[in-house]
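**Q** From the sequence below, what's the structure:
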Amino acid sequence: MHLDVLDLRRFYYRSALGRAVQRVIRDRLLQIWPAEEDILRSQTVAGFGFAVPLLRPYLKTARRTIALMPGPQGVMPWPAGEANVSVLCEDTLWPVNTGTVDRLVLLHGLETSDHAPALLDECWRALGPGGRALFIVPNRAGIWARRDRTPFGFGRPYSTSQLEDQLAKHRFVTETVASALYQPPTDQRFWLKTGGMLERVGRALPAVAAGGVLMVEASKQVAAPTRPGLPEAVRRPLRVLEGIGSPQPEPARRTSTK
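**A** Below is the predicted model of the structure:
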């Protein structure tokens, strides 16, 4: 089930380890979706779960930013000191119109949901054609999923193939696979100071097994609508001279014999 919003806020905003995690994942996200992209000025960016630590860079560049927080988790006003953009909702019933979200980030949303298949259907509904979603989940092969001292030790961890298969079943097309959190899940000062170096080393590795979280970007590809009237029109082409009688051969002339 979903974690409590107070515990999540305490981890990300009041602990040294949580602030380090926030910085690492947000920097990785900005490599995939740069906040300075001009296209964002006309797009809506939404986050589900507890994605607010990652959404702040988009507040000033995106046309609209929405923080969707599931009911079992609870909601908190965000951003602090500014107009609130967070809203409480159900996993499978978001207060957004169909096809109006262009970029969607899920953090502590998919792996902790009791209705993961229905949640993915809701993600599909909210995204517009060509829209992109970034699913951030605990890595089954990483050490973060094995320690319950952080939010990544709760819920269902995923392997890359498991997450890609589940997304494919809900009509998503995988675009990018990345990982983050190569530092150990500890707040010891040595590991916090060397976290940046470990991230750089980890990103250079060919495999993603060591990262604490998987980050899979998927897109919503919609097939071109079919036109049922077209085949009938082709089978029954318009006859320009319809109604005019077909030419008939002239009758043979009789020859007179004398």
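**Q** doesn't residue 10 fall inside a strand?
**A** No: assessed by DSSP: H, G, I helix; E, B strand; the rest coil, residue 10 does not belong to a strand; its assignment is helix.
**Q** Can you name the residues that contact it?
**A** Shown in contact with residue 10 (C-beta atoms under 8 Å, 6 or more residues apart in numbering): residue 18. Just so you know, the C-beta spots here come from the backbone N, C-alpha and C atoms, and that holds for glycine as well.
**Q** That one and residue 159, how far apart?
**A** For residue 10, the distance to residue 159 (C-beta to C-beta, to the nearest Å) stands at 29 Å.
**Q** cool, and residue 179?
**A** From residue 179 to residue 159 the distance is 11 Å (C-beta to C-beta).
**Q** Spell out which residues are contacts of both of the two.
**A** In contact with both residue 179 and residue 159: 139, 214, using C-beta under 8 Å, 6+ apart.
**Q** which of the two has more neighbours?
**A** residue 179 (25 against 15; other C-beta atoms under 10 Å).
**Q** Over to that one: give its phi and psi.
**A** When read as degrees, to the nearest 10, the backbone of residue 179 gives phi -150, psi 160.
**Q** mind listing what it touches?
**A** So residue 179 contacts 139, 142, 202, 208, 210, 211, 212, 213, 214, 215 (C-beta under 8 Å, 6+ apart).
**Q** Show me what secondary structure element comes after the helix or strand hosting residue 30.
**A** If you go by DSSP states H and E, residue 30 is part of helix 16-32. Using DSSP H and E, the helix or strand that directly follows helix 16-32 along the chain is strand 44-49.
**Q** Could you pull out the buried residues of the helix or strand following that next one?
**A** Per DSSP H and E, the first helix or strand lying C-terminal to strand 44-49 is helix 52-55. Buried residues in helix 52-55, counted by 16 or more other C-beta atoms under 10 Å: 52, 53, 54, 55.
**Q** Repeat that for stretch 98-113.
**A** Neighbour counts over stretch 98-113 (16+ other C-beta under 10 Å) mark 101-113 as buried.
**Q** Restricted to strands, list those residues.
**A** 101, 102, 103, 104, 105, 106, 107 (DSSP state E).
**Q** Report the contact partners of the third one.
**A** Residue 103 sits next to 33, 40, 43, 44, 45, 46, 58, 62, 131, 132, 133, 134 when contact means C-beta under 8 Å, 6+ apart.
**Q** Also the fourth one?
**A** Contacts for residue 104 were tallied using C-beta under 8 Å, 6+ apart; they are 45, 46, 47, 48, 123, 126, 127, 131, 132, 133, 134.
**Q** Can you flag the buried ones in these?
**A** The neighbour count (16+ other C-beta under 10 Å) marks 45, 46, 47, 48, 123, 126, 127, 131, 132, 133, 134 as buried among the contacts of residue 104.
**Q** pLDDT value on the third one, please?
**A** The predicted structure scores residue 47 at 98 on the pLDDT scale.
**Q** end to end, how far does stretch 68-80 reach?
**A** Start and end residues of stretch 68-80 are separated by 16 Å (C-alpha to C-alpha, to the nearest Å).
**Q** Need the residues that contact that stretch.
**A** 1-6, 8-9, 46-50, 52, 56, 59, 67, 84-91, 94-96, 108-109, 112-113.
**Q** For the ones in strands among the buried residues of stretch 98-113, name the two members farthest from one another.
**A** Largest separation among these by C-beta to C-beta: 102 and 107, giving 17.7 Å.
**Q** Check the offset of stretch 102-121 from the chain's centre.
**A** Relative to the mean C-alpha coordinate of its chain, stretch 102-121 is positioned 9 Å out (C-alpha atoms, centre = their mean, to the nearest Å).
**Q** I'd like the average pLDDT over that stretch.
**A** So the average pLDDT for stretch 102-121 ends up being 97.
**Q** max-length strand in this structure?
**A** Longest strand in the chain, counting by DSSP E: strand 127-138.
**Q** Now do it against strand 44-49, angle only.
**A** Relative orientation of strand 127-138 versus strand 44-49 (axes from the mean of the first three to the mean of the last three C-alpha atoms, to 10 degrees): 40 degrees.
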